[in-house]
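Structure, please.
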Amino acid sequence: MKENNRIEMNYFELMKKYLLIHLLFLFPVVLNASDKDSNASILVNKDIQFKSLNSNHIIAADEINVTHNPLPEKLYSTEIISFESNKIPVNYELFKCHVNTLDLEVQMDYNSLVKRQIDFFGVKWQSKLKQMISKSEYFFPIYEEILNTYDMPIELKYLSIIESGLNPFAGSHVGAIGPWQFMPATARIFNLKMNSSIDERRSIEKSTHAACIYLKQMFNQYDDWLVALAAYNCGPGNVRKAMRYSGKKDFWGIYNYLPRETQNYVPKYIAMTYMMNFYGEYGIIPAPLDTYEYDIVNVYCRKGLDFTIIANKLSMNTQELLKLNPEIKSINIPQNSDGYFLNIPNEKYEEFYNCQNELVIESEERAEQIRLEEARRPKPKYYYVKKGDCLPIIARKFGISVYQLKSWNRIKGSLIYPKQRLIISN
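Model prediction:
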């Protein structure tokens, strides 16, 4: 492959430049006015060239503004950076050099398992990684505030990327749901409500509170964050079993006795934490993001307000409003005695409060209309099956078809039993 199609990355040179940059921060230097902003950026080897997989355009390193702190005008790009041999140019020394600049509580180990996941996230998963970097600007402030409340390591926020890709609607084939992927049984332990109208596993705030409590319990039990993460993934029972078989208590010591998914889970977390902090060192730029569904604000809804009427007043359809409120499963605002906080677009905030009186009046009118419709609706009639009855006999007796009888009662076959209550009129 031609030289321009590959990244020429020399570990020694990169390490030397990286250490030189940090030395510059340790010693004061005189800057020109035009240079005052440049010392806040992390420099990249100017000789490095990146080739986009989507075009033949060569991106020179000096075209990329890489910084650890978001700038007022941030650079976004859909371009995918290619790497030689499809591997991120990082080794043990560079990894440790990077990680030592961070104030982390969760152990960050480097080995071939972690390296494999770094390569995966930085190369094959790069387009998704770029989206995660952008989405994290909206999710992470929420996570950080809650993690601080529980005195938890802030870097645990990266675990939600591994769990759900920062998607409140994410669901697994085994029934785990939400940004922290709670199974129904575990969700009930941590008081997350689930019924026909609401699923609090999909609430960013409520599920994060539950995840913090669960993770802290696991850490208090094992006194090791990597083992706590393993227990979060496969359950404390599997961790205890692995400890018993291995005779070890640290993650790498019990690694071979854990379920395969959990063996990959912790290396993925370490790799994701690394890439989310140092993606810029490899020329990766965040992807542009439609901020409409993330730039939201909580508004107080008193009990009785109608979801559909709110959507209409805000010139939205109900599905758009539901998307902003992941925990709500139907177009009904959960009826809490102290009201409910609804997510709406930030740009609709003033509009919402300007139409409060109209919302109350129209919601009350709609509630009364529904009540009258319910009162006028004929109530279903029932029949209790007697010994010797069958569906055709019952259908003829009440002048209905067998199909209607089976449909109204959700009967798939023809089996009925004595004292069974059947709807004979809907």
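
Pass me the low-pLDDT residue ranges in this protein, would you?
Applying pLDDT under 70 to the chain flags residues 1-74.

Nearest residue to the middle of it?
Taking Cα atoms, centre = their mean as the criterion, residue 166 is the residue nearest the geometric centre of the chain, at 2.3 Å.

Is that residue in a helix, a strand, or coil?
Counting by DSSP: H, G, I helix; E, B strand; the rest coil, the backbone at residue 166 sits in coil.

Would you mark the buried spots in the top helix by length along the chain?
Using DSSP state H to define each element, the chain has its longest helix at helix 126-149. Burial within helix 126-149, assessed by neighbour count using 16 or more other Cβ atoms under 10 Å, is assigned to 126, 129-136, 138-140, 143-144, 146-147. C-betas here are computed from N, CA, C, even on glycine.

Keeping just the C-alphas, turn that helix into CSV.
Output of helix 126-149 as CSV, limited to C-alpha atoms (Å, rounded to 0.1, in the frame of the first residue of the first chain):
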residue,chain,number,x,y,z
GLN,A,126,-14.6,4.2,15.1
SER,A,127,-17.8,5.7,13.6
LYS,A,128,-19.7,4.7,16.7
LEU,A,129,-16.9,6.0,18.9
LYS,A,130,-17.1,9.4,17.3
GLN,A,131,-20.9,9.4,18.0
MET,A,132,-20.3,8.5,21.6
ILE,A,133,-17.8,11.4,22.1
SER,A,134,-20.5,13.8,20.8
LYS,A,135,-23.4,12.2,22.8
SER,A,136,-21.3,12.2,26.0
GLU,A,137,-21.5,16.0,26.1
TYR,A,138,-25.2,15.5,27.0
PHE,A,139,-25.2,12.3,29.0
PHE,A,140,-22.0,12.7,31.1
PRO,A,141,-22.9,15.8,33.0
ILE,A,142,-26.0,13.9,34.3
TYR,A,143,-23.9,10.8,35.1
GLU,A,144,-21.2,12.9,36.8
GLU,A,145,-23.6,14.7,39.1
ILE,A,146,-25.1,11.4,40.2
LEU,A,147,-21.8,9.6,40.6
ASN,A,148,-20.6,12.5,42.8
THR,A,149,-23.7,12.1,44.9
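
I'd like to know which elements it is packed against.
Applying 3 or more Cβ pairs under 8 Å, 6 or more residues apart in numbering; DSSP states H and E, one finds that helix 126-149 contacts helix 159-164, helix 204-222, helix 260-278.

C-terminal to the first one, what's the next element?
The C-terminal neighbour of helix 159-164 among helices and strands, as given by DSSP states H and E, is helix 184-189.

try the last one
Sequence-wise, the next helix or strand downstream of helix 260-278 (DSSP H and E) is strand 296-301.
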